[in-house]
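In: generate coordinates for the sequence data below:
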Amino acid sequence: MTDPTPSPAGAPAGPLGVGELAPVFALRNQYGETVSLEDFRGEKNVLVVFFPFAFSGVCTGEFREIRDHLEDFEGDDVQVVGISCDAMESIRAWADSEAYFFPLLSDFWPHGRTARDYGVFWEKTGFAIRGTFLVDAAGVIRWTLVNGPGEARDFSGYRTAMAELRGTTASV
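Out: Okay, here's the model as predicted:
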């Protein structure tokens, strides 16, 4: 896990860690439908990807990687969901413009509640930092990566963690 310390004033105290139960959430996706972590319990692992803002450069690059390699992030045993504090309408416009068809969820109201629950809400700026959590089908966090607002994620650790969950060798 990458730790964004030294933390700027108002930055999250610390994200949830491996082995902790993932907080349940129920948020609206880009189509206005409610998606809950509980929807996948017992069925799929979930990669929860918090991002600061739709339409920002680093976020767009990261989500293009997910889109362009969707088979690594979504399948019979895993579902990816992106979460930001953007309004649902902004997320929809971004998803439409970039052809993101996986769930992008709005943590707009109560503002940042889910990001706070995961320890990645930055109070001073009012957005989620780049927290990434692999939650297994039982609801336990199996892998995490946290980057500061301007630091792009390296998803190779996720691919290794998914391979371990599947009991196979990672192809990074």
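In: quick check, central residue of this protein?
Out: residue 49 (1.1 Å; Cα atoms, centre = their mean).
In: any weak-confidence spans in the protein?
Out: For the chain, the stretches with pLDDT under 70 are 1-13, 168-172.
In: if we go to 90?
Out: For the chain, the stretches flagged by pLDDT under 90 are 1-14, 148-150, 163, 165-172.
In: can you give me the offset of stretch 62-75 from its chain's centre?
Out: For stretch 62-75, the separation from the chain centroid amounts to 12 Å (computed by Cα atoms, centre = their mean, to the nearest Å).
In: how about residue 49: what's its closest non-neighbour residue?
Out: Leaving aside its sequence neighbours, residue 49 sits nearest to residue 82 (Cβ to Cβ, 6 or more residues apart in numbering; 4.8 Å). C-beta: built from backbone N, CA, C; applies to glycine.
In: what's the spacing between that neighbour and residue 29?
Out: 9 Å (Cβ to Cβ, to the nearest Å).
In: tell me which element the residue nearest to residue 49 falls in.
Out: strand 78-84 (DSSP states H and E).
In: output that strand as CSV, nothing but the C-alphas.
Out: Extracted in CSV, the C-alpha atoms of strand 78-84 (Å, rounded to 0.1, in the frame of the first residue of the first chain):
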residue,chain,number,x,y,z
VAL,A,78,-14.9,-9.8,-9.9
GLN,A,79,-16.8,-6.5,-10.4
VAL,A,80,-15.1,-3.1,-10.6
VAL,A,81,-16.9,0.0,-9.2
GLY,A,82,-15.6,3.5,-9.3
ILE,A,83,-16.7,6.0,-6.6
SER,A,84,-16.3,9.8,-6.5
